[in-house]
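Novice: Sequence first, then the predicted structure, then my questions.
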Amino acid sequence: MPPPPTPHIRPFLPADVDAVVALSLRAWAPVFASFEHVLGRVVYRRLYPDWRRQQAEAVREVLSGDRARCWVAESDGRPVGFVAVVLTRESDGPESDCGEIEMIAVDPADQRRGVGAALLDRGIEHIREAGRSLAVIGAGGDPGHAPARHAYERAGFRPLPQVRYYRTI
């Protein structure tokens, strides 16, 4: 069986907003289900009373602002994934020589076809072109993020495990 074709990566266009928000929500649904399972319903509902609305707003904000550069993976003329990259400032301390892949999502129907890897490559290339020498990306330690962690490690990222605890009071 031949490998899947390399996805076409292009700059984000304002006309992509609705499609990118929709694919992001589909991509991140398993993550939020995992959060609810790990945190329990009470803590989860306090943190994410309406995760779809919260995430849609977060994606729209990163796409519309001037803080991040964004690219879209396109297949058959439609967005199937996106990546948003933020470059650090000199005032950012020890990570002042970094670029961060702030958001990345691939539509579930297009996952495991090299789309995420191509988006990661584009984000890393942007960081390199900007003269930074360190790329950073974050992921949760929950089971829902396991595929993302695997992809990031396959792309050469090294994890620094951290734990964040929650408790209702």
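Specialist: On my side now, so go ahead. Numbers count the residues shown, from 1 in each chain.

Novice: Run through the helices of the chain in chain order.
Specialist: Secondary structure of the chain (DSSP state H): helices located at 17-39, 41-47, 51-64, 115-129, 146-154.

Novice: These: lowest mean pLDDT?
Specialist: Lowest mean pLDDT of the helices of the chain: helix 146-154, a mean of 92.

Novice: what's it packed up against?
Specialist: Secondary-structure packing of helix 146-154 (3 or more Cβ pairs under 8 Å, 6 or more residues apart in numbering; DSSP states H and E): helix 115-129. Heads up, the C-betas are built off the backbone N, CA and C, glycines and all.

Novice: so what secondary structure elements neighbour the helix it packs on?
Specialist: strand 8-11, strand 68-75, strand 78-87, strand 98-106, strand 134-137, helix 146-154.

Novice: what sits against the spatially most central residue of the chain?
Specialist: Closest residue to the average C-alpha location of the chain: Ile104 at 2.2 Å, with Cα atoms, centre = their mean. By Cβ atoms under 8 Å, 6 or more residues apart in numbering, the contact list for Ile104 reads 81-84, 116, 119-120, 123, 137, 148.

Novice: Switch the residues you listed over to a markdown table; also include neighbour count.
Specialist: Converted to a markdown table, the contacts of Ile104 look like this (neighbours: other Cβ atoms under 10 Å):
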| residue | neighbour count |
| --- | --- |
| Gly81 | 26 |
| Phe82 | 29 |
| Val83 | 29 |
| Ala84 | 24 |
| Gly116 | 25 |
| Leu119 | 26 |
| Leu120 | 21 |
| Gly123 | 27 |
| Ile137 | 22 |
| Ala148 | 20 |
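
Novice: Can you lay out those as a markdown table showing distance to Pro7?
Specialist: A markdown table is the format used below for the contacts of Ile104 (distance: Cβ to Cβ, whole Å):
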| residue | distance to Pro7 |
| --- | --- |
| Gly81 | 7 |
| Phe82 | 11 |
| Val83 | 11 |
| Ala84 | 17 |
| Gly116 | 9 |
| Leu119 | 8 |
| Leu120 | 12 |
| Gly123 | 14 |
| Ile137 | 19 |
| Ala148 | 17 |
